[in-house]
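Enquirer: Starting from these lines, generate the structure:
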Amino acid sequence: MRRTRIFSRAKAFGGDRRGGAALEFALVAPSLAFALAVTVDLGLAYNEQMTLDHAVRAGAEFAATGVADKDTLEKLVIAAAIGHVGEAPYEVRKAAPAVEVIEVCRCPGQETEVACTTTCPGLTRPSLFYTLEARKTYDALFFADRELGAAIQVQVR
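Expert: Prediction:
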């Protein structure tokens, strides 16, 4: 009789389905939470990369519309990257990227750089190019910090 009582309890325990969903959730939830956090981290990194791309494109548009001062172009690219224009961005929580503006002149049909004051063959002025580069370190949550960057070259004349 004692033996049947032990088997009946074991059979009842094995046949009881209550709490199965909670156990499955407890086993699967940490992996889903980790996958969600990694997805958010990658999404934020992609957003920062798109912001840098947008900033250098905005700088190229400013250069194409006649802004010829390298310092002004750098400030405009930074302003586009952080979303603020002015000397004291108190409310901006984004870190500004490192921006470099390179000015290069070339004669038409040639790859070598020349001084912008020279006269090219055919008595033409050299073409003026601006290369705008922006770099920023993304502080990742789960992976190693990544160096993000964007660059664009625009011909002004």
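Enquirer: In terms of helix, strand or coil, where does K136 fall?
Expert: Recorded secondary structure, K136: strand (DSSP: H, G, I helix; E, B strand; the rest coil).
Enquirer: Excluding sequence neighbours, find me the nearest residue to it.
Expert: Closest residue to K136 apart from its sequence neighbours, by CB to CB, 6 or more residues apart in numbering: P97 at 3.9 Å. In this view, the C-beta of every residue, glycine as well, is placed from N, C-alpha and C.
Enquirer: excluding its backbone neighbours, what's nearest G59?
Expert: According to CB to CB, 6+ apart, the nearest residue to G59 is V77 (3.9 Å).
Enquirer: quick one on the thing from earlier: show me the contacts for the residue nearest to K136.
Expert: Residues near P97 by CB atoms under 8 Å, 6 or more residues apart in numbering: L52, A55, V77, I78, A81, A134, R135, K136.
Enquirer: Torsion angles phi and psi at it?
Expert: phi -80, psi 160 (degrees, to the nearest 10).
Enquirer: quick one: the strands in this structure?
Expert: 98-106, 113-114, 127-138, 146-155 (DSSP state E).
Enquirer: Comparing these by mean pLDDT, which bottoms out?
Expert: Lowest mean pLDDT of those: strand 113-114, a mean of 84.
Enquirer: List the contacts of that one.
Expert: With CB under 8 Å, 6+ apart, strand 113-114 has contacts from V104, C105, R106, C107, C120, P126.
Enquirer: in the sheet, who's paired with the fifth one?
Expert: Spelled out, that is C120. Bridge pairing for C120 (DSSP bridges) gives the partners T124.
Enquirer: Same check on the second one?
Expert: Note on C105: beta-bridge partners V114, L128, judged by DSSP bridges.
Enquirer: so what's it up against?
Expert: E113, V114, A115, C116, T118, P126, S127, L128, F129.
Enquirer: Just the closest of those residues to T72, please.
Expert: Among these, L128 lies closest to T72 (CB to CB), at 15.3 Å.
Enquirer: Wait, the closest one touches C120, no?
Expert: No - in this structure L128 lies outside contact range of C120 using CB atoms under 8 Å: 11.9 Å.
Enquirer: Let me know the distance separating R57 from F142.
Expert: 30 Å (CB to CB, to the nearest Å).
Enquirer: Okay then, goodbye and thanks.
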